[in-house]
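> from the sequence below, what's the structure:
(one chain, ligands or ions: 1)
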Amino acid sequence: MLTKAIEAIERALLKLEPQRSVRLINLSPPWAVEKIRRARLQRTLRLAAERSPFYRLQFRERNIDLARIEHPSQLGDFYTTGEDLRSYGAQAFLTGRPDTAFETTGTTSPIPKRVFFSNHELEEMGRYSAVALYRLGLRPEDRVFSAYDSSFWVSPVVLKMAVQFLKCFHVEAGKIQPLEFYERARPYQPNVIFGEPSWLLRLTEIAKQRGTWGTKFLFGGGENMTEEAREFVENVWAAPLYLSYGQTESFGTLGVECQFKEGYHRNDLFFFFETPEVDAEGYGELVYTTLGRDVMPLIRYRSSDLTKIVEDPCPCGFFVGRLAKIRARCDEVVVCGMGNVGPWVFDEILRDVNGSAPDWQAIVRHGEQRDVVELHLETDNHAHADELEATVLRHLRDRFPDFWKNHEMKLYDLRLTTSPPGTLRNGRKLRRVVDQRQMQASPRKNS
Ligand SMILES: [Zn+2]
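This is a model prediction of the structure:
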């Protein structure tokens, strides 16, 4: 009886109009959602064991009794990695006939990971994204423009599905030059704009010069953004900028911000999230298990992203918990003479150094006597290099006393070089912290 009721709620959640779905989620007791998740996990595990050569072999070798698994953590030390996808090939993971595929290259290997999907999954993820966008205020009367990169990338396809459910006017511009986008989009007066954060930043620099129009919100996906850059965009457009967090492997949205922008509300209906090993602050690598995939389920997939699972209630009142803002890719955390450093450290050191914070890259390499941290900074600020360096050192001293102490002890050298905007990035993603010592010493860890 209960199972039947739960299944009915599950079906309704996935089939209703987005606005009704939001109401139903808010009305559903948390235990009912938990039941749905467990039932979906059981289905996923059975499917994987029956049809995927990779999972069948792994479960058999480990003598895993699937009937007893109620939570992915009960699978012990079993994980799926990006390297598994590359080395076994996507075919080994398939449990059904795919309708489409997307690719992700990440920042550590030129070999793409291929991920397959069904149209049914696309529809479900589109509905979920529609619910998330509805909560942010997207309505049928809105005019949506997207500059997501459509080359092998999942996000524009999921977005298209979502806005279809919401019945908005929608144009996919593709990832064209921000100036061209500005000129061609302007006659349509789009009031909701989607793009990658670094692209939105460049569009905003143009809009600041040439003028903005009435905007409801902007939405960024595909990479992280500093709060300083977000503030710049929001001030220029006089509208909020929301971020989502996802991966191609997850088929888009793992979580979306709410109006408070304090972490991503998790997509708990479609994923089980874990951080099996955490540091003193509760941060660890995010591991997720897909709950709704019928073509290529992923079980305990290591995301390589460093975050924290947050269960504290959010001021917005939505009962679904959150993921903290992603701190770094695990392979971007570098242990060197400076200390344990990752992108968030350099973001913080560079805060207020360079206006809207364009791209930067930190390269750690062996110096003659100690590690050298080379901070490459894009800037159109013609301030004297000495001045910039003095500011960076002051921030290091004031904001990271421990790293400053190591600098005083000459455990590392910090060098600053500058280049014009647009010079550091040559692909969609910029690897922000690069450990060149590792590249020379041993084979690279894949992500
Ligand atoms: Zn919230």
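> show me the contacts for residue 29.
When contacts are counted by Cβ atoms under 8 Å, 6 or more residues apart in numbering, residue 29 touches no other residue. Yep, even glycine has a C-beta here, placed from its N, CA and C like the rest.
> for residue 128, see how far away it is.
The gap separating residue 29 from residue 128 is 20 Å, by Cβ to Cβ, to the nearest Å.
> got it, and residue 52?
Computed as Cβ to Cβ, the residue 52 to residue 128 distance reads 23 Å.
> more neighbours: those two, which one.
residue 128 (26 against 23; other Cβ atoms under 10 Å).
> find the nearest non-adjacent residue to the residue of the stretch 101-250 of the chain found nearest the ion, please.
Nearest residue of the stretch 101-250 of the chain to the ion: residue 135, at 8.8 Å (Cβ to the ion). Excluding its sequence neighbours, the residue lying closest to residue 135 (Cβ to Cβ, 6 or more residues apart in numbering) is residue 22, at 6.0 Å.
> hang on, the one you found in a strand?
No. Counting by DSSP: H, G, I helix; E, B strand; the rest coil, one finds residue 22 to be helix, located in no strand.
> isn't it right next to residue 134, touching?
Yes. At 5.8 Å, residue 22 counts as touching residue 134 under the criterion of Cβ atoms under 8 Å.
> could you pull out the helices in the stretch 51-200 of the chain for me?
53-61, 82-88, 119-135, 155-166, 178-185, 197-210 (DSSP state H, counting those that start in this stretch).
> check the gap between residue 400 and residue 338 for me.
Counting by Cβ to Cβ - residue 400 and residue 338 are separated by 9 Å.
> looking at the two, which is more packed in?
Neighbours per residue (other Cβ under 10 Å) separate residue 400 from residue 338, with residue 338 holding more: 25 against 18.
> and the gap between that one and residue 408?
According to Cβ to Cβ, residue 338 and residue 408 sit 12 Å apart.
> count of residues packed around the closest residue to residue 132 other than its chain neighbours?
Spatial nearest neighbour of residue 132, excluding adjacent residues (Cβ to Cβ, 6+ apart): residue 256 at 4.2 Å. As a burial measure, residue 256 scores 24 neighbours (other Cβ under 10 Å).
> dig out what residue 256 forms beta bridges with.
residue 244, residue 265 (DSSP bridges).
> just to be sure, residue 374 is in a strand?
Yes. Residue 374 forms part of a strand when assessed by three-state DSSP.
> give me phi/psi at the residue lying closest to it once chain neighbours are set aside?
Excluding its sequence neighbours, the residue lying closest to residue 374 (Cβ to Cβ, 6+ apart) is residue 363, at 4.5 Å. Main-chain dihedrals, residue 363, degrees, to the nearest 10: phi -120, psi 130.
> local confidence estimate at residue 363?
pLDDT recorded at residue 363 is 93.
> which strand residues bridge it?
Applying DSSP bridges, one finds that residue 363 bridges with residue 374, residue 434.
> and for stretch 320-334, what's in contact with it?
Stretch 320-334 is contacted from outside by 25, 107-108, 224, 245, 254-255, 262-266, 268, 273, 283, 285-286, 304-311, 314, 340-344, 364, 431-433, 435, 445, 447, using Cβ under 8 Å, 6+ apart.
> whichever of those residues end up buried, select them in ChimeraX.
In ChimeraX, this line selects whichever of the contacts of stretch 320-334 come out buried by 16 or more other Cβ atoms under 10 Å:
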select :25,107,108,224,245,254,255,262,263,264,265,266,268,273,283,285,286,304,305,306,307,308,309,310,314,341,342,343,344,364,431,432,433,435,447
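> just the contacts of stretch 320-334: which are in helices?
Among those, DSSP state H puts 25, 343-344 in helices.
> enumerate the residues of the stretch 251-400 of the chain near the ion.
Residues of the stretch 251-400 of the chain found near the ion (Cβ under 5 Å from the ion) are 258, 314, 316.
> quick one: least confident helix or strand in this structure?
When each helix and strand of the chain is scored by mean pLDDT, DSSP states H and E, helix 436-441 comes last, with a mean of 62.
> just the element for the nearest residue to residue 352 once chain neighbours are set aside, please.
Spatial nearest neighbour of residue 352, chain neighbours left out: residue 228 (7.2 Å); criterion: Cβ to Cβ, 6+ apart. Taking DSSP states H and E as the definition, residue 228 sits inside helix 227-237.
> so for that helix, mean pLDDT?
Helix 227-237 carries an average pLDDT of 92.
> could you give me the buried positions within that helix?
In terms of neighbour count (16+ other Cβ under 10 Å), helix 227-237 has its buried residues at 228-230, 232-234, 236-237.
> contacts only, for the residue nearest the centre of the chain.
Geometric centre of the chain, nearest residue: residue 245, 3.2 Å, by Cα atoms, centre = their mean. Applying Cβ under 8 Å, 6+ apart, we find residue 245 in contact with 221, 253-256, 264, 305, 323, 326.
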